[in-house]
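Asks: All I have is the shape, not the residue letters:
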């Protein structure tokens, strides 16, 4: 739970940035593997991934700033301090997906098979990236006396200090691993294009919606639920739709 992983001279190397980068690279590599397995032009995977990552970072930061504008009122320049953390995964998912899909469309690619390549990759990347959240102390949980509660003591942490909290960052990471494993097994049975993506959206939405109840950081308000929970309901609906469509894989 150290926000600064190590220091090189006067330069701080932040844990959040390291784990986020590792998660992105691992996700990109896995997407390339899936594309090769599906006989897709896998050389497009890294380019698509880079575009998705850039758009995702911008979207995740924009949504974070929208939810926490008070943090930047007195120092607007800190909006660009992305190496210190401060992202919302839903924003990354929406904008990253749009950026990647637009690129694939420009290359006249069939979208659904590519989505199925990136779905497990995103789950795997999230599992790694959330360790960065845990290190930085962002996305922290509510107070709890459960045996696995965590207490942040580093003064650079975003989370409240010296207070036992739900390790919601670890919950998210475990959710990513579980989703990844389920998707790998489901590939044996869900052969039609879009089904793996649909299952990913359903699993991601369910896990995220539940974990939100244990988080204490502000994520916006949409009536009785958070803004993030509302977004996951939209994802869930899309996932159910994709699972219910009976379109067969093109040959």
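Replies: Nice, thanks for sending it over. The structure presented is a predicted model; accordingly, all values stated were derived computationally and were not measured.

Asks: what stretches of the stretch 151-251 of the chain score poorly on pLDDT?
Replies: Residues of the stretch 151-251 of the chain meeting the criterion pLDDT under 70: 246-251.

Asks: next one: the longest helix along the chain to chain centre, how far?
Replies: Taking DSSP state H as the criterion, the chain has its longest helix at helix 111-136. Here helix 111-136 is found 6 Å from its chain centre; the criterion is Cα atoms, centre = their mean, to the nearest Å.

Asks: Adjacent strands (with direction) for whichever helix or strand comes after it?
Replies: Helices and strands here follow DSSP states H and E; after helix 111-136, the next one along the chain is strand 150-151. Partners of strand 150-151 in the sheet, by DSSP bridges, are strand 164-165 (antiparallel).

Asks: Identify all contacting residues around the strand it pairs with.
Replies: Contacts to strand 164-165, defined as Cβ atoms under 8 Å, 6 or more residues apart in numbering, come from residues 140, 141, 142, 143, 144, 145, 149, 150, 151, 152, 159, 216. To be clear about C-beta, it is placed using only N, CA and C from the backbone, and glycine gets the same treatment.

Asks: list the helices and strands the helix or strand following it packs on?
Replies: Moving toward the C-terminus from strand 164-165, the first helix or strand encountered (DSSP H and E) is helix 168-186. In terms of contacts (3 or more Cβ pairs under 8 Å, 6 or more residues apart in numbering; DSSP states H and E), helix 168-186 is packed against helix 111-136, helix 195-212.

Asks: The shortest one to helix 168-186, inter-axis angle?
Replies: By that I understand helix 195-212. Using axes from the mean of the first three to the mean of the last three Cα atoms, to 10 degrees, one finds that helix 195-212 and helix 168-186 are set 160 degrees apart in direction.

Asks: which other helices and strands contact helix 195-212?
Replies: When contacts are defined as 3+ Cβ pairs under 8 Å, 6+ apart, helix 195-212 sits against helix 111-136, helix 168-186, helix 227-244.

Asks: Name the residues that touch that helix?
Replies: The contact list for helix 195-212, computed with Cβ under 8 Å, 6+ apart, reads 89-90, 112, 115-116, 119-120, 122-123, 168, 171-172, 175, 178-179, 182-183, 186-187, 190, 219, 225-226, 228-229, 232-233, 235-236, 238-243, 245.
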